[in-house]
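Student: Pasting the sequence and the predicted coordinates here, then a few questions.
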Amino acid sequence: MNVFCIGLSHHTANVTTLEQFAGSATAESILRENGCAEALLLTTCNRVEVYAVSERRISTDQIAHSLTGNVRSNPHGYASSFYRYEADNCVRHLFRVASGLDSMVVGESEILGQAKRAYELARTSGAAGPVLHRLFQRAFRVAKQVRTHTEIARGAVSVGSVAADLAQKIFGRLSDCTVLMLGAGETSERTARALISRGVTDLRVSNRSFDRADELARAVGGRVIPFEEWSAQCRDIDILITSTSSETPLLTAEKLAPMLRERLDRPLFIIDIAVPRDVDPTVNQLEGVYLYDIDSIRSVAEQSLALRRQQIAAAEAIIGEHVADFVEASSSRALQTSEDPSLGENSLRPSAL
């Protein structure tokens, strides 16, 4: 058995490329289409990765094709955006991802929760088995140790906080701004709290699930807007922040243009942190609209990286120790199994992790 990771992230792809491969596949479909023994799909606003276990080598093109859902662009055109890690390099990569070292905002904590949810989905569906179980459980331990024994998260901000900082740069005081959050997931909640901490008092929440929108609105002191009415809010709001799981744009230039004529020269600031994007890029061509997407946020996040560079070496040392220990333990387990098959069919062969 071989364990490997194939994916693309903010390091190798812009938002246009990322959205070509986000949202169409599941761990089960990857398992079924590629003949993997185990598979797990980790998708975030700036990352699409497949972690898998197989007896034979599965090409990067095969995995890329599975991610498109067979309906989008030819994956071969994006070959250079994909990276591949195998064996101990895969282990190291996952440990870095879970610890926030590979994130767009180094040290952010959202990725750990996203990795845990991806693992739980793969486990409950049966796509993840004993190899990925051991790998991801160790990754979660590593992430906790990195955060406990380094200051990698000191001064770190989430993607939502970066979005809030952008809004503050545009408007200055946010206390006079009306904000609509479209989407009510974890990223939306973090963004909402970041905005409130910077002075926002009029915050509205809209989501396909009214109950989830109501839950978030109550948690942050906002109010709920029924999902079928959210677009009409663009006549009145100052800031729109979108983070939904829609596979097609929810806001287009054609839909927004008539409402802008009623805004009396007030600018509309839009931060689209969804992948695929919720807002059609052509919206940015409209007069008085300022649209930022995940690529824009990336450039802001890079400016804060210097604050945490000195902590990265300490975190990498912890990860290195865990990689060596995990590989050694896996090799010992595989060797024992080859000598005594009764130890369990789920153990690994010497070549595996």
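Tutor: Alright, I've got the coordinates. Numbering: from 1, shown residues only.

Student: going forward, measure contacts between C-alpha atoms and count neighbours the same way
Tutor: OK.

Student: Can you classify residue 78 by secondary structure?
Tutor: helix (DSSP: H, G, I helix; E, B strand; the rest coil).

Student: you'd agree it is up against residue 18?
Tutor: No: using Cα atoms under 8 Å as the test, residue 78 is too far from residue 18 to be in contact (9.8 Å).

Student: Neighbour count: the two, which is higher?
Tutor: residue 18 (26 against 17; other Cα atoms under 10 Å).

Student: Can you give the distance from whichever strand or helix holds residue 91 to the centre of its chain?
Tutor: Per DSSP states H and E: residue 91 is located in helix 87-99. Relative to its chain's centre, helix 87-99 lies at 16 Å (Cα atoms, centre = their mean, to the nearest Å).

Student: same question, stretch 314-328
Tutor: 24 Å.

Student: before we move on, what about stretch 224-241?
Tutor: On Cα atoms, centre = their mean, the centre of stretch 224-241 falls 25 Å from that of its chain.

Student: Can you give me the buried ones in it?
Tutor: 224-225, 227, 230-231, 233-241 (16 or more other Cα atoms under 10 Å).

Student: end to end, how far does it reach?
Tutor: One end of stretch 224-241 to the other measures 15 Å (Cα to Cα, to the nearest Å).

Student: That one - what's its average pLDDT?
Tutor: Mean per-residue pLDDT for stretch 224-241: 92.

Student: ok, residues contacting it?
Tutor: 167, 177-182, 204-208, 210, 213-214, 217, 251, 256, 259-260, 262-263, 266-273 (Cα atoms under 8 Å, 6 or more residues apart in numbering).

Student: related to what we said a few turns ago, select, from the buried residues of stretch 224-241, the two members most distant in space.
Tutor: 227 and 238 (18.2 Å; Cα to Cα).

Student: Pick out the residue nearest the middle of the protein.
Tutor: residue 44 (1.8 Å; Cα atoms, centre = their mean).

Student: Show me what that one bridges to in the sheet.
Tutor: Taking DSSP bridges as the rule, residue 44 bridges to residue 47.

Student: Surely it and residue 114 touch.
Tutor: Yes: assessed by Cα under 8 Å, residue 44 is found in contact with residue 114 at 7.3 Å.

Student: just to revisit the earlier point, buried among the contacts of stretch 224-241? Make that a PyMOL selection.
Tutor: With 16+ other Cα under 10 Å as the burial test, the buried ones among the contacts of stretch 224-241 are selected in PyMOL as follows:
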select buried, resi 167+177+178+179+180+181+182+204+205+206+207+210+213+214+217+251+256+260+263+267+268+269+270+271+272+273
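
Student: counting contacts, what elements does the helix holding residue 91 pack onto?
Tutor: strand 2-9, helix 110-125, helix 130-149, helix 309-339 (3 or more Cα pairs under 8 Å, 6 or more residues apart in numbering; DSSP states H and E).

Student: The third one vs helix 110-125, what angle?
Tutor: Angular relation of helix 130-149 and helix 110-125 on a 0 to 180 degree scale: 160 degrees, by axes from the mean of the first three to the mean of the last three Cα atoms, to 10 degrees.

Student: taking the mean pLDDT, what do you get for helix 130-149?
Tutor: The model assigns helix 130-149 a mean pLDDT of 95.

Student: Quick check: next helix or strand after it?
Tutor: helix 159-171.

Student: That next one - contacts with which helices or strands?
Tutor: helix 186-197, strand 268-272, helix 294-304.

Student: nearest to residue 325, of the ones you listed?
Tutor: Using Cα to Cα, these put helix 294-304 closest to residue 325, at 32.2 Å.

Student: Give me the angle between that closest one and strand 268-272.
Tutor: Using the same axes, to 10 degrees: helix 294-304 against strand 268-272 is 80 degrees.
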